[in-house]
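Participant: Give me coordinates for this.
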Amino acid sequence: MTDELKKLRDAIDKIDNELLELISKRASLASNIGSLKTDGVIYRPEREAQVLRRLVEQNQGPLSNESIESIYKSIMSNCRALEKQITVAFLGPLGTFSEEASMKQFGESIVPMQTSSIDEVFHLVESHKAHYGVVPVENSTEGAINRTLDLLLTSNALICAEIILPVHHNLISTEKDLSNIKKIYSHAQSLSQCHQWLLNHAPGIELQSVSSNAEAVKIASKEKGAAAIASMRAAALFNTPVLCENIEDDPKNSTRFLVISNHDVKPSGLDKTSIIVAAKNQPGAIASMIEPFAKNKVSMTKLESRPSKTGLWEYVFFIDVEGHMTDSKVALSLKEIASRASFLKVLGSYPQSNLT
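Facilitator: Numbers count the residues shown, from 1 in each chain. A predicted model of the protein is given here:
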């Protein structure tokens, strides 16, 4: 070992010792804060969002902002667990993008609860069997997840955070060459998102839809001549090699997830508010209903319609706006809309994802 290399390694060892001491101090302070909390709420998405934004603003490299977020989310997750391990429900099994989104938001130090349906995620949160639930709400290429929208309409659960997860698909197989693949398994949505790649690189190969991408990898790991389309995490879980990486048609493909809970979230300084409204049955009702947002200079970022299921050809509208429900402009707009709409439900205010 050269003297220069030893000097650098000694410097790193010294920094590691300092980091360990500081992380331990941070953990002790977090534990003290937990003992002072009186409402029993351990996870504060608005506070964590503020911490991450401040650190990203101060980051001068060489680590990327995403790396800084990942490191500190892991630290916060482990510090949070000293207060109490929180239970998070998501659409399983392990290896799905829902699990990946849960880990991205909460870190590793949680009690995961796998479910077989989005309905079950809502039920576990509403019945207080899970502290939080993570549900997909829209994909950048496939559009809205209608079941989630329908459940938001009827559920008492509140949105407390959002997660934007970049979605990358990979061809996974024990076979060493694409020419040996006879059948490809995946979830129907993933097959759709890789449609053009499959046409160009796997024409004539049988495509089989299954319940989840993780299930697809499980099958492909045992079946000769089979492959699966899934995430890197799913490949790692089943110890199955990746044959082709990033085969999604849209390299910017992403899915937005919502975190649901039973409590409101305080303002973080950069928030969104989600609502559901229904217009009165009269000419110009829809335009009149949302006009207060423009008048009060509140930016509307999403407008999605769904059948109300209360009558033929009647619709409700899912709307996202910038700002917290307690912000004066948002609060005034909601008050005016309530007087014009036949129905208004506030789904929650929560920190904007850093990737929106």
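
Participant: C-alpha only now, for contacts and for neighbours.
Facilitator: Noted.

Participant: need the strands for the stretch 101-250 of the chain, in chain order.
Facilitator: 111-115, 132-139, 143-144, 158-166, 170-172, 183-186, 206-209, 226-230, 242-244 (DSSP state E, counting those that start in this stretch).

Participant: need those strands in a markdown table with mean neighbour count, distance to residue 30 and mean pLDDT, can you?
Facilitator: Putting the strands of the stretch 101-250 of the chain into a markdown table (neighbours: other C-alpha atoms under 10 Å; distance: least, C-alpha to C-alpha, whole Å; pLDDT from 0 to 100) gives the following:
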| stretch | mean neighbour count | distance to residue 30 | mean pLDDT |
| --- | --- | --- | --- |
| strand 111-115 | 17 | 19 | 95 |
| strand 132-139 | 24 | 20 | 96 |
| strand 143-144 | 14 | 38 | 90 |
| strand 158-166 | 23 | 21 | 97 |
| strand 170-172 | 25 | 39 | 97 |
| strand 183-186 | 24 | 42 | 97 |
| strand 206-209 | 14 | 46 | 96 |
| strand 226-230 | 31 | 37 | 96 |
| strand 242-244 | 17 | 40 | 96 |
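
Participant: Give me the contact list for stretch 264-277.
Facilitator: With contact meaning C-alpha atoms under 8 Å, 6 or more residues apart in numbering, stretch 264-277 is reached by 44-47, 49-50, 153, 158-160, 316-326, 341-352.

Participant: coming back round to it: mind checking which of the strands of the stretch 101-250 of the chain is nearest residue 56?
Facilitator: Counting by C-alpha to C-alpha, residue 56 lies closest to strand 158-166 out of those; the figure is 16.9 Å.

Participant: roughly how far out does that closest one sit from the chain middle?
Facilitator: Mean C-alpha position of strand 158-166 versus that of the full chain (C-alpha atoms, centre = their mean, to the nearest Å) differs by 4 Å.

Participant: That strand - contacts with which helices or strands?
Facilitator: Judged by 3 or more C-alpha pairs under 8 Å, 6 or more residues apart in numbering; DSSP states H and E, strand 158-166 is in contact with helix 97-106, strand 254-261, strand 341-351.

Participant: Redo these as CSV? Include mean neighbour count and mean pLDDT.
Facilitator: Listed next are these as CSV, based on neighbours: other C-alpha atoms under 10 Å; pLDDT from 0 to 100:
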stretch, mean neighbour count, mean pLDDT
helix 97-106, 22, 94
strand 254-261, 23, 97
strand 341-351, 21, 95
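
Participant: Residue 69: which of the ones you listed is closest?
Facilitator: With C-alpha to C-alpha as the criterion, residue 69 lies closest to helix 97-106 of these, at 9.5 Å.

Participant: Extract the C-alpha trace of the closest one and format it as CSV.
Facilitator: Provided in CSV are the C-alpha atoms of helix 97-106 (Å, rounded to 0.1, in the frame of the first residue of the first chain):
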residue,chain,number,x,y,z
PHE,A,97,-43.3,-1.6,-7.7
SER,A,98,-45.7,-0.9,-4.8
GLU,A,99,-43.2,-2.4,-2.4
GLU,A,100,-40.4,-0.4,-4.1
ALA,A,101,-42.4,2.8,-3.7
SER,A,102,-43.0,2.0,0.0
MET,A,103,-39.3,1.5,0.6
LYS,A,104,-38.5,4.7,-1.3
GLN,A,105,-40.9,6.7,1.0
PHE,A,106,-40.4,5.0,4.4
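
Participant: Could I get the full set of helices for the stretch 201-350 of the chain?
Facilitator: Along the stretch 201-350 of the chain, the stretches classed as helices by DSSP state H, counting those that start in this stretch are 213-220, 232-237, 285-295, 328-340.

Participant: Would you mind finding the most buried of those helices?
Facilitator: Each of the helices of the stretch 201-350 of the chain was scored by mean neighbour count; the highest is helix 213-220, a mean of 25, by mean count of other C-alpha atoms under 10 Å.

Participant: show me the contacts for the closest residue to residue 173 other than its chain neighbours.
Facilitator: Spatially, and ignoring its direct neighbours in sequence, residue 173 is nearest to residue 227 (4.5 Å; C-alpha to C-alpha, 6 or more residues apart in numbering). Contacts for residue 227 were tallied using C-alpha under 8 Å, 6+ apart; they are 171-175, 181, 183-185, 216-217, 220-221.

Participant: Counting by contacts, list what the longest helix belonging to the chain packs against.
Facilitator: Under DSSP state H, the helix in the chain containing the largest number of residues is helix 3-36. For helix 3-36, the packing partners by 3+ C-alpha pairs under 8 Å, 6+ apart come out as helix 65-83.
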